[in-house]
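Peer 1: Sequence and predicted structure below; questions after.
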Amino acid sequence: MSTLNRRTVLRGMLGGTAIGVGLPMLDCFLDVNGEAMADGAPLPKTFVSWFQGLGYAPGFWEPKKVGTDFEFGVQLQALNPLKKKINIVSGLKVFLDAHPAGAHSAGPQGCLQGGVSTPNLPSIDQIVADAIGTRTRYRSIEVSCDGSQTSNSSRSATARNPGQPSPTALYADIFGTGFQDPNSATFTPDPVVMARKSVLSAVSDKREKLVAMVGASDRARLDEYFTSLRAMENKLQVQLEKPSPMEACAVPKNFKKFEVQPGMLIDEAREANRLFAQLLAHAMSCGQTNVASLNFGGSLSNLRRAGSQQTFHMYTHEEMVDPVLGYQKEVSWFSNQVTESVLEFAQIFDSIKEGKGTLLDRSIVMYSTDSGYARSHSVENMPMYTFGSGGGAFKTGVHVSAPGDGVTRVGLTVMQALGVPIGSWGIESNTTSKTVTEFLA
């Protein structure tokens, strides 16, 4: 504790396991303006690829006005609270180059891998990790909110990174002191013990010494940080607890067998998204990783609403277009749930104060999807938008219309803003050296 810096970790023992609690970005780590590290180095940039398949309805998400002061289309209205920190591009497409259309696969390949190819190409999050993820504890973290290990993250043609489906497992991995594969099915730390007792209880004496070493603003920041950490643990604990026995509860006899409902409730996916956002925000704020990839529900989304057997994906193909609204009503409900979820993710990042800005301000969170219109598997007019300025590399609050251009323009622009030394990106007709210059500061 004699030397306090951003690499400082509060270490202790919990349930026989060594644990470590990283520190957030305190004022004492920053320069006098709160805009760079104390040694003059820029704040590290971070990146999250946030994916959900099935997109939106054409004509109902795109802003009508280009530039600034635009208004979101009806299906993106939920994003208004962070409008000034969002950039959006409309009109983009994936060029198929005579490859099979690959329903639900061509879109994410184009947006995240630079073109339609078999086998997989390196994904954008892994290209970024090569540039900004090599000096952190985790090179990258991949998570999935729908209970599967589905991921759109790939190192190479043969190395796809599975998504971690369990927030409690990721929690145990992050706070365990030794590096462990976040995609492993087994973990040394016991997440049940950790969540119930709190990692904070194992470092209480070190917390007291730390608080005594810092100024008033950092004490307030640490109090807020430890409070939010415990609140997250409480949420995880509820998921781990066995329900209390109920004397009157008994298995009914002679009941009619019914078909098991498919898929996962979208409410459960949204809670997983919130927990993963908190864990990833912690990991990035504490310098444990700079890169993450989140899969919310996948291209063939089996997410459903409570009480229904119909999944999001089923609705996109089976529901009729409402003649009054002009779009599929149930599909739009799911799309709104997705939009609210990506907003919640970004808001959690924006709630982490760092100097004069927030964690979101030094991040780029990029939304992508698999289709411009899921009903027809179209890869025209693909919705893409980003949150955050990447540490000032992006102007924000801008809508750009680029009809007929490749989706790779967004990926190239994001990578350059994050410091990837790349002049062009993509394969075949999706190759581009044209950035979205309206975004670049």
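Peer 2: Yes, it's here. Since we're looking at a predicted model, the values are computed, not measured.
Peer 1: Please make it C-alpha for all contacts and neighbour counts, starting now.
Peer 2: OK.
Peer 1: my read: residue 126 touches residue 152, true?
Peer 2: No: using CA atoms under 8 Å, residue 126 makes no contact with residue 152, being 10.4 Å away.
Peer 1: more neighbours, these two?
Peer 2: For residue 126 and residue 152, the more surrounded residue by other CA atoms under 10 Å is residue 152, and the numbers stand at 28 against 23.
Peer 1: Tell me who's in contact with residue 161.
Peer 2: 142, 151-155, 183 (CA atoms under 8 Å, 6 or more residues apart in numbering).
Peer 1: cool, and residue 109?
Peer 2: Each residue near residue 109 by CA under 8 Å, 6+ apart is listed here: 115-117, 120.
Peer 1: which of these sit farthest apart?
Peer 2: 115 and 120 (9.5 Å; CA to CA).
Peer 1: neighbour-wise, which of the two wins?
Peer 2: More neighbours surround residue 115 than the other of residue 115 and residue 120, with 28 against 19 (other CA under 10 Å).
Peer 1: Against residue 412, how distant is that one?
Peer 2: 12 Å (CA to CA, to the nearest Å).
Peer 1: Same check on residue 200?
Peer 2: Noted for residue 200: a distance of 41 Å to residue 412, by CA to CA.
Peer 1: again with residue 206
Peer 2: For residue 206, the distance to residue 412 equals 44 Å [CA to CA].
Peer 1: Looking at these two, which one has more neighbours?
Peer 2: A count of neighbours by other CA under 10 Å puts residue 412 above the other of residue 206 and residue 412, at 25 against 16.
Peer 1: What strand or helix carries that one?
Peer 2: Residue 412 belongs to helix 408-417 when assigned by DSSP states H and E.
Peer 1: Return the distance of that helix from the chain's centre.
Peer 2: Here helix 408-417 shows a centroid-to-chain-centroid distance of 17 Å under the convention CA atoms, centre = their mean, to the nearest Å.
Peer 1: and what of stretch 167-177?
Peer 2: On CA atoms, centre = their mean, the centre of stretch 167-177 falls 17 Å from that of its chain.
Peer 1: about what we covered before: restrict the helix holding residue 412 to CA atoms and write it as PDB.
Peer 2: Extracted C-alpha coordinates of helix 408-417, given in PDB (Å, rounded to 0.1, in the frame of the first residue of the first chain):
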ATOM      1  CA  THR A 408     -17.000  -2.100 -43.200                       C
ATOM      2  CA  ARG A 409     -16.700   1.700 -43.200                       C
ATOM      3  CA  VAL A 410     -17.900   1.700 -39.600                       C
ATOM      4  CA  GLY A 411     -15.500  -1.000 -38.500                       C
ATOM      5  CA  LEU A 412     -12.600   0.700 -40.100                       C
ATOM      6  CA  THR A 413     -13.400   4.000 -38.600                       C
ATOM      7  CA  VAL A 414     -13.800   2.500 -35.100                       C
ATOM      8  CA  MET A 415     -10.500   0.600 -35.400                       C
ATOM      9  CA  GLN A 416      -8.600   3.800 -36.500                       C
ATOM     10  CA  ALA A 417     -10.200   5.800 -33.600                       C
END
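Peer 1: so what secondary structure elements neighbour it?
Peer 2: Counting contacts by 3 or more CA pairs under 8 Å, 6 or more residues apart in numbering; DSSP states H and E, helix 408-417 packs against helix 106-113, helix 124-132.
Peer 1: Compare those helices and give me the one nearest residue 385.
Peer 2: Closest to residue 385 of the helices and strands packed on helix 408-417 is helix 106-113 (CA to CA; 11.4 Å).
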